[in-house]
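Student: Okay, predicted coordinates and the sequence, questions at the end:
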Amino acid sequence: MGFMSRIYNMWKGFLSIFVGRMEEKHPEIAYENAINGMTEKYAKLKSAAAGLIKHRAKLEASIDKNRAELAQLAIDVETAVAEGDDEVAMVLLEKQEQVETALHQDEAELERAAKDAETAKDSLRDIKVEIDKLKREKDRVVAQIKDAEARKQIQEQLDGLSVDDEVKALDNVREYADKVRAEVQIGDELKENSIDAKLNAIRAKSGSAKARARLEAMKAKRSAAAEDSEKSL
């Protein structure tokens, strides 16, 4: 294989890949290409079928002409024989054989042409049905693809909600709030265990003991005063 052939095949390969990807992204293009291709074939076959039908019409006209000529030759032969003109009768009989041969050939050819024309018409009907089918399929499949693509896009968006920046920002806020609360709690715990906290607790207890001692002394003093008052009576 020559260098130019390899380059040509490579280019065809790249072009095929490019077209394939384009058709995947735009399926309507693939359907339009298929419909246009079949429409072109339909036009060519229709032209060929028209030629077959025209040929069939020519054969039918030739057959009608030969049959009419044979009918006239039969009369002419009878007339020549009746008049005893053997030479003319021989010429007419030879002409009759030639026309009969041509008639048989035309009839055989007409049979084949009729079959070919019917086959061409059947093919035309099949292609027309297929074209109409592709047009309906195009509308349905393209709509299905667009619907599936829309659903896929929605699913991808829903799947991506958990990793959106907004959600991440909220996670950072929650984490910071937990951290601050933990730091405050640690500060409180350290404050409770400090020397100042213990000293304040002791002083609070000492103040309560001193007040109670004063209260007890006041009660004892009042009790003693009451006893002295009773004795003086």
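Tutor: Noted; the coordinates are in hand. Residues are numbered from 1 along each chain as shown.

Student: switch to C-alpha atoms for all contacts and neighbour counts from now on
Tutor: Fine.

Student: starting at the chain centroid, how far to the host helix or strand of Lys146?
Tutor: Per DSSP states H and E, Lys146 falls inside helix 86-159. Here the centre of helix 86-159 is set off from its chain's centre by 32 Å, with Cα atoms, centre = their mean, to the nearest Å.

Student: packing partners for it?
Tutor: helix 27-82 (3 or more Cα pairs under 8 Å, 6 or more residues apart in numbering; DSSP states H and E).

Student: Now do the helix it packs on and helix 86-159, the angle between them.
Tutor: 170 degrees (axes from the mean of the first three to the mean of the last three Cα atoms, to 10 degrees).

Student: Now helix 27-82: average pLDDT?
Tutor: Averaged over helix 27-82, pLDDT sits at 90.

Student: ditto for stretch 183-203
Tutor: Averaged across stretch 183-203, the pLDDT comes to 63.

Student: Next up, the contacts around the residue positioned nearest the centre of the chain.
Tutor: The residue lying closest to the centre of the chain (Cα atoms, centre = their mean) is Ile145, at 2.8 Å. Counting by Cα atoms under 8 Å, 6 or more residues apart in numbering, Ile145 touches no other residue.

Student: swap in Ala89?
Tutor: Asp76, Val77, Ala80, Val81.

Student: next one: Asp116
Tutor: Contacts of Asp116 (Cα under 8 Å, 6+ apart): Leu52.

Student: picking up where we left off before, so the residue nearest to the centre of the chain versus Ala48, what's the distance?
Tutor: 38 Å (Cα to Cα, to the nearest Å).

Student: same question, Glu227
Tutor: 149 Å.

Student: ok, these two, which is more surrounded?
Tutor: Each of Glu227 and Ala48 has its neighbours counted (other Cα atoms under 10 Å); Ala48 has more, 14 against 11.

Student: can you list the domains in this structure?
Tutor: 3-159, 166-232 (automatic domain parsing).

Student: Most tightly packed of these?
Tutor: Ranked by mean neighbour count, these are led by domain 3-159 with a mean of 14 (mean count of other Cα atoms under 10 Å).

Student: From Glu40, how far off is the nearest residue to Glu60 once chain neighbours are set aside?
Tutor: Distance criterion Cα to Cα, 6 or more residues apart in numbering; nearest residue to Glu60, sequence neighbours excluded, is Leu110 at 7.1 Å. As judged by Cα to Cα, Leu110 and Glu40 stand 28 Å apart.

Student: now do Ala82
Tutor: Distance from Ala82 to Glu40, by Cα to Cα: 63 Å.

Student: do the same with Arg151
Tutor: On the measure of Cα to Cα, Arg151 and Glu40 end up 37 Å apart.

Student: One more: Ile154?
Tutor: For Ile154, the distance to Glu40 - Cα to Cα - is 41 Å.

Student: same question, Tyr176
Tutor: 71 Å.
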